[in-house]
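Student: Let me see the structure of the following:
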Amino acid sequence: MSGSERPLVLARVVDHLIGLATTRPLRVAVDGVTAAGKSTLASELTRLVRERGRPAVHLSADDFHQPRAYRYRQGRDSPLGYYTDAYDFDALRRLTLDPLGPGGDRRYRARHWDLERDQPADEPAELAADDLIVVVDGSFLQRPEIAGGWDQVIYLDTSFAAARAQGARRDADHFGGLAAAVAAYERRYHAACQLYLDEIHPADRADVLLHGDDPSRLRLGRIGAT
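Tutor: Below is the predicted model of the structure:
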């Protein structure tokens, strides 16, 4: 598959999402291991939906983190700590997904926690249009406490080697160099993702499966029941 086919794969996914019958906002998860390319994919899908004339918004689980002290209570290098303590999925469900779901009032919060300032994001709720498509990127989005909040789940299947290379380049300055970033991914982030893969098997559960080791050569593995 050539890089020129990535737009065709994205268009096929957008066709699928827009074609789903719903009388309320559509809640879409973009799941995958850390640094798989989820944010880029979610942003592209949101843009393409808007270009079709459908309202869409891109949110991120990174805006629903736990406070820093809670995130690192099991140690800064703990993979179990990252897996169980990094995200406030209860807040994401209560403030965003449930209001957009069946019986909800469509008043949702786009952000809950300011990660850099380590304090609550003081932002008012927004009112969603009935036909809004909400695309949320994040890791561990099929954990039991959050799994029931999605109408569709897209899983971006990326190998640890490819994700680690991408993430380490991106985060080298933050960790004090490329080698330190690679080590952090190996010790904490991707070790936590392995726990997730072993427990949840997220690729098997997703409605849409994409293969993305090479972002320019995105491949469609499964969509809907096919």
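Student: Could you use CA atoms for every contact and neighbour count after this?
Tutor: Will do.
Student: who's in contact with residue 46?
Tutor: 56, 57, 58, 133, 135 (CA atoms under 8 Å, 6 or more residues apart in numbering).
Student: Check which helices and strands the helix ranked longest in the chain is in contact with.
Tutor: The helix that spans the most residues within the chain, counting by DSSP state H, is helix 160-175. Counting contacts by 3 or more CA pairs under 8 Å, 6 or more residues apart in numbering; DSSP states H and E, helix 160-175 packs against helix 178-184.
Student: and the helix or strand following the helix it packs on, how far from the chain's centre?
Tutor: The first helix or strand that comes after helix 178-184 along the chain, using DSSP states H and E, is helix 190-200. A distance of 15 Å separates the centroid of the chain from that of helix 190-200, by CA atoms, centre = their mean, to the nearest Å.
Student: circling back to that earlier point, in strands, which of the contacts of residue 46 appear?
Tutor: Assignment to strands by DSSP state E places the following of the contacts of residue 46 there: 56, 57, 58, 133, 135.
Student: from the contacts of residue 46, which is closest to residue 179?
Tutor: residue 58 (31.7 Å; CA to CA).
Student: how deep is residue 106 tucked in, by neighbour count?
Tutor: Look at residue 106: counted by other CA atoms under 10 Å, it has 22 neighbours.
Student: ok, it to residue 25 distance?
Tutor: Separation of residue 106 from residue 25 (CA to CA, to the nearest Å): 8 Å.
Student: residues shared between the contacts of these two?
Tutor: Residues touching both residue 106 and residue 25 (CA under 8 Å, 6+ apart): 100, 128, 129, 130.
Student: Which stretches in this protein count as helices?
Tutor: Counting by DSSP H, the helices of the chain are 6-19, 38-51, 68-71, 79-85, 89-92, 98-100, 144-147, 160-175, 178-184, 190-200, 202-205.
Student: Ok, which of these comes nearest residue 220?
Tutor: Across these, closest to residue 220 is helix 6-19 (CA to CA), at 6.3 Å.
Student: list the buried ones in the closest one?
Tutor: Neighbour-count burial for helix 6-19, counted by 16 or more other CA atoms under 10 Å, picks out 6, 9, 10, 11, 13, 14, 17.
Student: what about residue 180, distance to residue 172?
Tutor: Residue 180 is 7 Å from residue 172, where distance means CA to CA.
Student: whoops, residue 102 was the one
Tutor: From residue 102 to residue 172 the distance is 42 Å (CA to CA).
Student: Could you do residue 21 as well?
Tutor: In terms of CA to CA, residue 21 sits 43 Å off from residue 172.
Student: Equivalent analysis for residue 42, please.
Tutor: 23 Å.
Student: So for the two, which residue has more residues nearby?
Tutor: residue 42 (25 against 15).
Student: list the contacts for the more buried one?
Tutor: With contact taken as CA under 8 Å, 6+ apart, residue 42 is in contact with 30, 58, 135, 136, 137.
Student: related to what we said a few turns ago, so which of the helices of the chain is the most surrounded?
Tutor: helix 98-100 (a mean of 23; mean count of other CA atoms under 10 Å).
Student: one step back: of all the helices of the chain, which one is nearest residue 118?
Tutor: helix 68-71 (6.4 Å).
Student: What is the closest one packed up against?
Tutor: With contacts taken as 3+ CA pairs under 8 Å, 6+ apart, helix 68-71 sits against helix 79-85.
Student: Looking at the helix it packs on now, give me its mean pLDDT.
Tutor: Helix 79-85 comes out with an average pLDDT of 97.
Student: Show me the shaky parts of this protein.
Tutor: Applying pLDDT under 70 to the chain flags the ranges 1-4, 225-226.
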